[in-house]
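> Turn this into a model:
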Amino acid sequence: MAAASDLRPGRPASWAAVVAVSGIVALTVLGGYAVVRAGLRPALDPGQTVRAYAAAQSDFDCERLAELATSSHFADVYCPPGNERAGPDAPQLEIAKVTVREQSDETASVLAEVVVLGPDGSSFSTAVSYTLVRDGDLWLVDSGRDPRPTIGGRSVRLGS
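Predicted coordinates:
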């Protein structure tokens, strides 16, 4: 049994232990938040959204196109079956210039100069007008057209 002089009556647990436990909890919460934030895609501005959208079109990345477009616009997007997607004869898209023409809190009008590179080395440039809408922190393409004239005999142009 401990002697009465060994006990310190009325004294709370060690402050060092309380601070250590609080620090561990805080670091765990902040670390978890940082991991979750790192896993999320950063919010893109309207110009960045159009660039990402054109890159997804070029790669026939239908999942990414769905993330970057409104559901009504994505319904009009040409996404061929997996075995018909980008191959050596698929034209590639490059964005030469993006100009945000008008922007409000809810919508943006963007004009992009798109260079279409053919598999034979040919290329042409075309202007594409996009309308984007805000969905929370994201901008989504709501209208625009695919600048590629045809793929495999099927027109992939969408209404602007």
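
> Quick check: what element follows the host helix or strand of Phe124 along the chain?
When elements are assigned from DSSP states H and E, Phe124 belongs to strand 123-135. Counting by DSSP H and E, the next helix or strand C-terminal to strand 123-135 is strand 138-143.

> Which residues are in contact with Val141?
By C-beta atoms under 8 Å, 6 or more residues apart in numbering, Val141 lies in contact with 49-50, 53, 68-70, 73, 130-132. Where C-beta positions appear, they are placed from N, C-alpha and C, glycine not excepted.

> same thing but 6 Å
53, 68-69, 73, 130, 132 (C-beta atoms under 6 Å, 6 or more residues apart in numbering).

> Ala108 versus the nearest residue to Ser72 once chain neighbours are set aside, what's the distance?
Spatially, and ignoring its direct neighbours in sequence, Ser72 is nearest to Asp142 (7.3 Å; C-beta to C-beta, 6 or more residues apart in numbering). Asp142 sits 10 Å away from Ala108, going by C-beta to C-beta, to the nearest Å.

> From the neighbour counts alone, determine which of these two ranks first.
More neighbours surround Ala108 than the other of Asp142 and Ala108, with 23 against 18 (other C-beta atoms under 10 Å).

> The more buried one is in contact with Leu132, isn't it?
Yes. Look at Ala108 against Leu132 with C-beta atoms under 6 Å: they come within range, at 4.5 Å.

> Distance of Leu93 relative to Thr131?
18 Å.

> Looking at those two, which is more packed in?
Leu93 (22 against 18).

> per-residue pLDDT, that one?
Looking at Leu93, its pLDDT stands at 86.

> give the contact list for it.
By C-beta under 6 Å, 6+ apart, the neighbours of Leu93 are 54, 57-58, 114.

> CSV for these, including neighbour count?
As requested, the contacts of Leu93 are exported to CSV (neighbours: other C-beta atoms under 10 Å):
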residue, neighbour count
Ala54, 25
Gln57, 27
Ser58, 19
Val114, 23
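
> Among those residues, which one lies nearest to Gln103?
Nearest to Gln103 among those, counting by C-beta to C-beta, is Ala54 at 18.7 Å.

> Helix, strand, or coil at the closest one?
What DSSP: H, G, I helix; E, B strand; the rest coil gives for Ala54 is helix.
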